[in-house]
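Trainee: Requesting a structural model of the entry that follows:
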Amino acid sequence: MSETIPANLKSPNVKERVGAVLSNKMNKTIVVEVERRFPHPKFKKIVTAYKKFYAHDEKNEAKLGDRVRIVETRPLSKLKRWRLVEVMEKAEASK
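Mentor: Modelled structure (predicted):
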C-alpha cells in the first residue's frame, strides 16, 4: 500500500493522519497513535492529546515504532476504519 495518491485524484473530504505504530501483533492490522496539539479553550495552554487508530496493513509492512500515514476508509471490521498509505520513516533498530 505504499502508493502515494496524486493531489488531483484525492477527495477533499478524506481524512489523513500521521502517527507512530504502537502495535503490529495482529495479522494485517496495526495500531497507530496520533498526537494532536491544541490550545486549551479556557486557559490557552497548549495541550497534547493522543488517540489510537486501528488501521489495515495489507502487506504487514509497518513495524513497531515506524512513522506512518493512514487515511480514512470504509469500515473494515468492528474497530478498523483506517488503512495504511505509506511508511514515512522506519524506526531505529532496537538494541
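Trainee: Which secondary structure state does the spatially most central residue of the chain sit in?
Mentor: The centroid of the chain falls nearest to residue 70 when counting by C-alpha atoms, centre = their mean (4.0 Å). At residue 70 the chain is in strand, as set by DSSP: H, G, I helix; E, B strand; the rest coil.
Trainee: who touches it in this structure?
Mentor: Applying C-beta atoms under 8 Å, 6 or more residues apart in numbering, we find residue 70 in contact with 16-19, 32, 53, 55, 82-85. Yep, even glycine has a C-beta here, placed from its N, CA and C like the rest.
Trainee: Of the residues you listed, just the buried ones, PyMOL syntax please.
Mentor: Per 16 or more other C-beta atoms under 10 Å, the buried members of the contacts of residue 70 correspond to this PyMOL selection:
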select buried, resi 17+19+32+53+55+82+83+84+85
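Trainee: any chance of the contacts of residue 70 in CSV, plus pLDDT, secondary structure and distance to residue 25?
Mentor: Output for those, formatted as CSV (pLDDT from 0 to 100; DSSP: H, G, I helix; E, B strand; the rest coil; distance: C-beta to C-beta, whole Å):
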residue, pLDDT, secondary structure, distance to residue 25
16, 95, strand, 25
17, 96, strand, 21
18, 97, strand, 22
19, 97, strand, 17
32, 98, strand, 13
53, 98, strand, 16
55, 97, strand, 14
82, 97, strand, 17
83, 96, strand, 18
84, 97, strand, 15
85, 96, strand, 21
